[in-house]
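Enquirer: Just to be clear, the model below is a prediction. Sequence and coordinates:
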Amino acid sequence: MKHGKRLRTFRSEERAGIISVHPRGFGFVQLDSGQTGNSSESDIFIPASCLGSAMPGDRVLIRIHQRRHRGNKREGSVIKILERGIKEFAGFFNGTYVIPRDERIVYWFFVSRENNCGAKSGDIVIARILSYPSQSGQGEAEITQVLGTELNAEVESKLVLRQYGFKEEFPQSVKSELRRIPERVLPKDLSHRRDIREIPLVTIDPEDARDFDDAVAVKKTNAGFKLWVAIADVSHYVKSGGAIDEESYARATSVYLPDRAVPMLPEPISAGIASLVPNEDRLAMVADLGFDQQGNIISREFYPAVIRSRFRLNYNEAQQILDRSEPLLHKKYQSIEGMFSQMRKLAEILCKRRRQRGGLDFDLPEAKVKLDENGEPIDIYAYPRLFSHRMIEEFMLAANQAVAEFLFGKKLVFPCRIHEPPESKKILELNQFLTSLGFPLLRKNQMPDQIHPRDFQRLFDAVAGKPISGLVSYLGLRAMMQAKYSPDNLGHFGLALSQYCHFTSPIRRYPDLITHRLLKQSLGILPANQPVAPEGIERACEHCSDMERNAVEVEREMVKFYQTKLMSRHIGEEFKGIVSGLTEFGIFVELERPMAEGLIPASALAGFSLNEKAHTVSVKFPRSEIHLGDHVLVKVQATNQERKEIDFQLVRIIQSAFPGATRAYFPAQKRKQHTGKERRRQ
């Protein structure tokens, strides 16, 4: 019996999960669902000495130790690699080895002469792994594509896309299947569909959008309002189990780069037959929603339809129609001006209702890269957020919520969009810091696990208009969990909703396509036993969440590439910015315009000392404190295009985020330039 107990305890300390690796050599394992055992922790710290030959994205078996990492996370060691995550990678060829571009892959891969694809030393290449590194041998690869020697935007985007698992070209099997997709809506496709072509639906999207997957219309009623949200019926053309379906699942999301988009679906579908272009018949799934005067949903109906969008508008045009500020637009759009007045009224009611229930809106700026005719960056600025953006956002939220409640009521398992409450530890740390500033997050006697979105809303209201407001918004966002897809309905904390899903963008998000199929099954349009995703909903949720995060990283990396390129033309110039991050190796500053982030190295500041809990850096000479959120003046010191790094020199603190803080001027100091590896060691 004792032996049996020891055996069970030993087995309970072995867990499986996906490993992520830091460039410094250590890693973390995100445990598989249901594998957390007696510990509430879902990720385990793996020291560099315990990684074995694991690489980023590998599914591994680990043994969890009793000791803890200094961050109070449990430690573990890799005992077996269950499945390799990386099959190919981008890198630099030195004539014998391919050196991975991704710094998280610490191994070089040998390339034999017959597998070098004609590459020469110094070439940037794509390589496929033939054998993985192990304790007994060197990894080997074959070069499959030579991208060239110059690190320009086109090559950089190919490298970053490959690094995060995205492809630009569609396989031949997809191209073959596309031949069966019609270019126009066929008469036979109109059967069993509601004809709502007389409803004045319009699309409102960014100016450079090419795929239009949602159209909206609003009408005033005796009870309140009627809202139609028509969504491209992608599932009519992308059949479950086909080549197009499998490829779109593998991608899981479209990726948007400053110069182009890498679509989830091939263009004949995404920008063609499924796109809700104006004055063309299109197939759609419609959320037909009735609201009372307070914004409560009093009726809802979902059905397949044929629609005909009246106009394709961008957000600026929509705002001008709402404001009636552009006389030239009046003649063109006078037929829908009355409807836009009703759209504004409904959107304002829905915004107010969201705020009343505690839904959060961080309203963080999104970088817009402006390119010239040669593809060179000439400006990077915060994309303006208009009421027209909020209006469409509210309509999409309403449709997504209505579909989630309907599917939940049918007791179906579907890809919920969940946002779990923040961890109690993070709330306690944040509350302690904010209390020291006079703006506590928690109410008297409130426990951290009782946190509600309204508590954050109350906090943001309290600091609105104060120098500290930007800092508080940033720290509040950093305390939040990351939204993801899950078959378990855990609610959406940020939106303050108990049920939520994604339904409104099946052209660019695979979870929305799953939702459409499930909705059709619940309406009896598709067979109830037909698979809705290649690997089942649970695995699909994990995969789509992973690919969504990867797409965010790709987009961020490419913005950083253009930021570095733009700032390389401004060496020696001074810019205003805000302290956006404090680390042991320096201070990150985000410029106001052009919108770019760079680093003031710790080595450039005499007596640099970081206090993480106080979000403060102390400098001995000249004696001063620098805080997260401070407004500063910096000079562009240097750029490194390959590493996408910008170095700043601190000139002076303009305005402190903290009341009564010390200001100081920082005269130019001579310092040696550090390489990336030296910077990481600091």
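Expert: Perfect, thanks for sending it. Residues are numbered from 1 along each chain as shown.

Enquirer: going forward, measure contacts and count neighbours with C-alpha atoms only.
Expert: OK.

Enquirer: What residue spans form the domains of this protein?
Expert: 12-83, 88-149, 175-413+502-557, 421-480, 571-681 (automatic domain parsing).

Enquirer: Glu169: which of these is closest?
Expert: domain 175-413+502-557 (9.1 Å; C-alpha to C-alpha).

Enquirer: that older thread, looking at the domains of the chain, which is closest to Ser157?
Expert: Of the domains of the chain, nearest to Ser157 by C-alpha to C-alpha is domain 175-413+502-557, at 8.2 Å.

Enquirer: how long is that closest one from one end to the other?
Expert: End-to-end distance for domain 175-413+502-557: 30 Å, by C-alpha to C-alpha, to the nearest Å.

Enquirer: what is the mean pLDDT for that domain?
Expert: The average pLDDT within domain 175-413+502-557 is 94.

Enquirer: tally of neighbours for Val634?
Expert: Around Val634 there are 26 other residues, counting by other C-alpha atoms under 10 Å.

Enquirer: Identify each buried residue in the helix or strand where it lies, please.
Expert: Per DSSP states H and E: Val634 is located in strand 631-640. For strand 631-640, burial by neighbour count (16 or more other C-alpha atoms under 10 Å) applies to His631, Val632, Leu633, Val634, Lys635, Val636, Gln637, Ala638, Thr639.

Enquirer: do stretch 351-369 as well
Expert: Cys351, Arg354, Arg355, Gly358, Gly359, Leu360, Ala367, Lys368, Val369.

Enquirer: Reformat the residues you listed as JSON lines; add distance to Lys120.
Expert: Shown next, in JSON lines, are these (distance: C-alpha to C-alpha, whole Å):
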{"residue": "Cys351", "distance to Lys120": "58"}
{"residue": "Arg354", "distance to Lys120": "59"}
{"residue": "Arg355", "distance to Lys120": "60"}
{"residue": "Gly358", "distance to Lys120": "59"}
{"residue": "Gly359", "distance to Lys120": "56"}
{"residue": "Leu360", "distance to Lys120": "53"}
{"residue": "Ala367", "distance to Lys120": "37"}
{"residue": "Lys368", "distance to Lys120": "37"}
{"residue": "Val369", "distance to Lys120": "34"}
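
Enquirer: between the residues you listed, which is nearest Val146?
Expert: Val369 (27.9 Å).

Enquirer: surely that closest one meets Tyr383?
Expert: No. With contact defined as C-alpha atoms under 8 Å, Val369 does not reach Tyr383; the gap is 9.0 Å.

Enquirer: what's near enough to touch the residue nearest to the spatial centre of the chain?
Expert: Nearest to the geometric centre of the chain sits Val552, at 3.9 Å (C-alpha atoms, centre = their mean). The contact partners of Val552, by C-alpha atoms under 8 Å, 6 or more residues apart in numbering, come to Val255.

Enquirer: so it, which of the three states?
Expert: Assigned by DSSP: H, G, I helix; E, B strand; the rest coil, the conformation of Val552 is helix.

Enquirer: Ile231 too?
Expert: From three-state DSSP, the assignment for Ile231 is strand.

Enquirer: I figured it hits Val286, correct?
Expert: Yes. Using C-alpha under 8 Å, Ile231 is in contact with Val286, at 6.1 Å.

Enquirer: Compare neighbour counts for those two and give me the winner.
Expert: Between Ile231 and Val286, counted using other C-alpha under 10 Å, the more crowded position is Ile231 (31 against 26).

Enquirer: Enumerate every residue touching that one.
Expert: Asp213, Asp214, Ala215, Ala284, Met285, Val286, Thr504, Ser505, Pro506.

Enquirer: beta partners for the fourth one?
Expert: Right, Ala284. Ala232, Ala305 (DSSP bridges).

Enquirer: what's the answer for the third one, then?
Expert: Under DSSP bridges, the beta-bridge partners of Ala215 are Ala230.

Enquirer: I figured it hits Asp205, correct?
Expert: No. Using C-alpha under 8 Å, Ala215 is not in contact with Asp205; the gap is 9.6 Å.

Enquirer: More neighbours: these two, which one.
Expert: Ala215 (30 against 23).

Enquirer: how much space between the more buried one and Arg312?
Expert: Distance, Ala215 to Arg312, using C-alpha to C-alpha: 9 Å.

Enquirer: Ok, Leu130 next?
Expert: 49 Å.

Enquirer: These two: which is more packed in?
Expert: Arg312 (19 against 14).

Enquirer: What's the local residue count around the closest residue to that one other than its chain neighbours?
Expert: Once flanking residues are discounted, Arg312 sits nearest to Thr203: 5.0 Å by C-alpha to C-alpha, 6 or more residues apart in numbering. When neighbours are defined as other C-alpha under 10 Å, Thr203 has 23 of them.

Enquirer: ok, now the one 4 residues further on?
Expert: For Glu207, the number of neighbouring residues by other C-alpha under 10 Å comes to 12.

Enquirer: list the contacts for it?
Expert: Leu313, Asn314, Tyr315.

Enquirer: and Glu348, backbone torsions?
Expert: phi -60, psi -40 (degrees, to the nearest 10).

Enquirer: Skipping adjacent residues, who's closest to it in space?
Expert: Met391 (7.7 Å).

Enquirer: Pretty sure the one you found sits against Arg344.
Expert: Yes. The criterion here is C-alpha under 8 Å, and Met391 meets it with Arg344 at 6.9 Å.

Enquirer: Okay, and the beta partners of Arg575?
Expert: For residue 575 the amino acid is Phe, not Arg. Going by DSSP bridges, Phe575 forms beta bridges with Val634.

Enquirer: now do Gly27
Expert: Residues in beta-bridge contact with Gly27 (DSSP bridges): Val21, Ile46.

Enquirer: isn't it right up against Pro47?
Expert: Yes. Contact criterion C-alpha under 8 Å: Gly27 and Pro47 qualify, at 6.5 Å.

Enquirer: neighbour-wise, which of these two wins?
Expert: Set Gly27 next to Pro47 and count neighbours by other C-alpha under 10 Å: Gly27 wins out with 25 against 18.

Enquirer: Can you give me the pLDDT of that one?
Expert: For Gly27, pLDDT reads 88.

Enquirer: From Met558, how far out is the residue nearest to the centre of the chain?
Expert: 10 Å.

Enquirer: Poorly predicted segments of the stretch 51-200 of the chain, please.
Expert: Residues of the stretch 51-200 of the chain that meet the criterion pLDDT under 70 lie in 66-72, 135-136.
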